[in-house]
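Enquirer: The sequence and its predicted three-dimensional model are supplied below.
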Amino acid sequence: PGSRVESSHTADMPEGFTTSILNDVKVYNFTGGKSLPDWLPERKRRQLLKKDVDLQKRLELIQDFTMPTASTAVRFSKDASYIIAAGLYKPRLRCYDTGELALKFERYLNAQVVDFECLSEDFSKLALLLDDRTVEFHARYGFHHRTRIPRSGRAIAYEPASCDLFVVGASPEIYRINLDQGRFVKSIETTASSINTASINPSFGMLAAGTADGTVECVDPRAKQLVGSLRVRSALENAGEITASAFFSDGLTLSVGTTSGHVLLYDVRSTKPTLTKEHPYGTPIKCIREHKLSGNVFSCDSKVVKIWNASTGAAVTNIEAPSDINDLCLSPDSGLFFLANETPKIMAYFVPLLGPAPKWCSYLDSLTEELDEEQQAVYDDFKFVTRRELAELGAEHLIGTNLLRAYMHGFFMDAKLHRRLHEAANPFAYEEYRKSKIKKTIDEATANRLRLEKKKLPAVNADLAKKLLGKAPTSEAAGGLLEDSRFKTMFSNPDFEIDPTSHEYKLLHPVNPRSSRPDLLEHATNMEVDEEREGRASSDEESEESEADEPMQKPQLPVKSKAAAAASKSAAPSKTGPGSKGQPVVGKHKTYTVMSADDARDFRTAAVGARELAVPLGERLAAQPALEQVQSRSGGSMSISFALKRNKPAPSQEDSDRRQARRGVKDLRLPRESTKKYWRGRLVK
């Protein structure tokens, strides 16, 4: 697997980050967060921003960098201070100021924008080609002039040396509008049936027009005539029409895109391509752009943007858009670029490998570096699992099959298979996820409220932490002990949890407190008896020593019947306070009365019984005396017969007297029920 995806959203990071990795090249997409519709009133927008936590954490490179339905074209001004985008519906033109990171102005149009050019360094002079066969000119104050062309236009190009605006379309002619004279001048005839693209060489002003016949017609604006023709179909038979063309900054390289999804690089001094690149989808190439800083080429169709080296053709990375792509715009001397597409949002991508972030959003460099440090990459279509996780999923039988691929200390598993196994092993996982998501949302919404500080015990080894907190001289010392890096894992990792029922714990703690003896309460009842301490010293030191030695002594269980217990209780001296004069000091001991003689025997022989159970059944039968009910049969088999006896307590004299004194119902002399029957108030015989 070569494609990986990282999730970059954390508690402290903005919402809407998605990161894709291909060929170890990270591409950050900043348009994945939530957005508010334009038709909402300003008051409602402010209320939503206050309530929704995800909207508060979203990251917008430029405020309201969207269109109502779709965007058709996007360009940077020549000074890189403004971004101009065209979209619909309704057809409109928007200009964004990178210094303010907000919308500067918006202008509505009569028809959809096919192509446009910036005639000045900033937004003050614009030429728009519309799909209603008109060319509009806009100035700083707005609409300036509109003119009509004979045929539908498909592309425009501006040559600043002669102030000629070239318009090409569904015609073999290249229309020329001289902006210095303010009128149409003589058109340039070509040999093609129609022209799809137009591009100007930045070094010597040559015009390259891509035609529907699969040729590129080159025109010298100074001579106003054709100077050459390049037949792309001679190098590529299924090339089809020319849909994109562009000159590189060196003035000698011409890039050509075809309807078959091929990109060809030509040296203007040769008719053979130096490099050919194919797009996998086979759709027409939309546009080709040169990235001067890294020496790479951006070529895009309606599905994917491919970035590859201009010299070798080696692929750098690919970017698949969520919807059809209409246009591509590169930020000068940076790794940021925009995609106009069939969704309201204008997609913004950042590739740190290609260059730094622009000055107007320089924080992207530090933000992406922080994400690289915190996030860990995982495969998009595969899930990494360890042997322990396989055991939890019940999929250990898959080891050795082609469904698992061994890697380091675990295996790679198909993500869909992992999801199915996880759902089968944890059918209530979605409910738990839903509850945790609701709790997280509530916690984030109430994070700013004042709360009382409470001492919270860790989830792991809470009893040990409580014991340490009680022994610590100060709360700061106790908290420092729990947060110490040497012992912190003991209170956070469930693998270090102490199990009091384990065999190792019992070996380390052989003497348990008397209160933790459940077998006492099983065979005896608790009875508190005040007895005088006999043979004890009256000094405080000796009493403390004796009390300290008590837990180390083996507990004694006095066995008494109820009558003996009552007699001893009546014979005991009356209790007096510790401050009384002339009275001995009285101590309080816990005494247990055994319920029966069988309970006393069971309690005393508990250890012996456990040892007897450890002996095999055959040896225990051999050690017992022979039973008369055992009979030998033919074939070496033996049988034993016995009768089950239920130990019923003998009825007491009080119970027998109560049964004799019980009366019947007749003795109550209740009135008999009448046998007469009535219907509608009349006696019925």
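Expert: Done, it's in. Numbers count the residues shown, from 1 in each chain.

Enquirer: Can you pull out the low-pLDDT segments for the stretch 451-600 of the chain?
Expert: Scanning the stretch 451-600 of the chain for pLDDT under 70 picks out the ranges 451-455, 471-479, 511-600.

Enquirer: rerun that using 80 as the cut-off
Expert: 451-457, 459, 468-483, 509-600 (pLDDT under 80).

Enquirer: In this structure residue 173 contacts residue 189, no?
Expert: Yes: Residue 173 is within contact range of residue 189, at 6.0 Å (criterion: C-beta atoms under 8 Å). For glycine as for every other residue, the C-beta is placed from the backbone atoms N, C-alpha and C.

Enquirer: all helices of the stretch 151-300 of the chain, in order?
Expert: In the stretch 151-300 of the chain, no helices are found when defined by DSSP state H, counting those that start in this stretch.

Enquirer: first to last residue in stretch 352-367, what's the distance?
Expert: Using C-alpha to C-alpha, to the nearest Å, the end-to-end distance of stretch 352-367 comes to 11 Å.

Enquirer: picking up where we left off before, between residue 173 and residue 189, which has more neighbouring residues?
Expert: Neighbour count, other C-beta atoms under 10 Å: between residue 173 and residue 189, residue 173 has more, with 19 against 13.

Enquirer: how much space between the more buried one and residue 64?
Expert: According to C-beta to C-beta, to the nearest Å, residue 173 stands 41 Å off from residue 64.

Enquirer: Same question for residue 622.
Expert: Residue 622 is 94 Å from residue 64, by C-beta to C-beta.

Enquirer: quick one: which of the two has more around it?
Expert: Neighbour comparison, residue 622 and residue 64: the larger count goes to residue 64, with 14 against 8 (by other C-beta under 10 Å).

Enquirer: so the more buried one sits in a helix?
Expert: No: under DSSP: H, G, I helix; E, B strand; the rest coil, residue 64 falls outside any helix and is assigned coil.

Enquirer: What separation is there between it and residue 331?
Expert: Separation of residue 64 from residue 331 (C-beta to C-beta): 19 Å.

Enquirer: Residue 421 - that's part of a strand, no?
Expert: No: checked against three-state DSSP, residue 421 lies outside a strand; its state is helix.

Enquirer: change the start of the numbering to 880 and stick with it
Expert: Let's use 880 as the start, then, which means that last one is residue 1300.

Enquirer: pLDDT wise, what is the residue nearest to it when sequence neighbours are not counted at?
Expert: Among residues not flanking residue 1300 along the chain, residue 1272 sits closest, at 4.4 Å (C-beta to C-beta, 6 or more residues apart in numbering). If you check residue 1272, the pLDDT there is 86.

Enquirer: what's near enough to touch residue 1272?
Expert: Each residue near residue 1272 by C-beta atoms under 8 Å, 6 or more residues apart in numbering is listed here: 1264, 1297, 1300-1301, 1304.

Enquirer: Residue 1318: which element?
Expert: helix 1308-1324 (DSSP states H and E).

Enquirer: same deal with residue 965?
Expert: Using DSSP H and E, residue 965 falls in strand 961-967.

Enquirer: average pLDDT for that strand?
Expert: Strand 961-967 shows a mean pLDDT of 93.

Enquirer: Tell me which strands that strand pairs with, and in which orientation.
Expert: Under the criterion DSSP bridges, strand 961-967 sits next to strand 949-955 (antiparallel), strand 971-976 (antiparallel) in its sheet.
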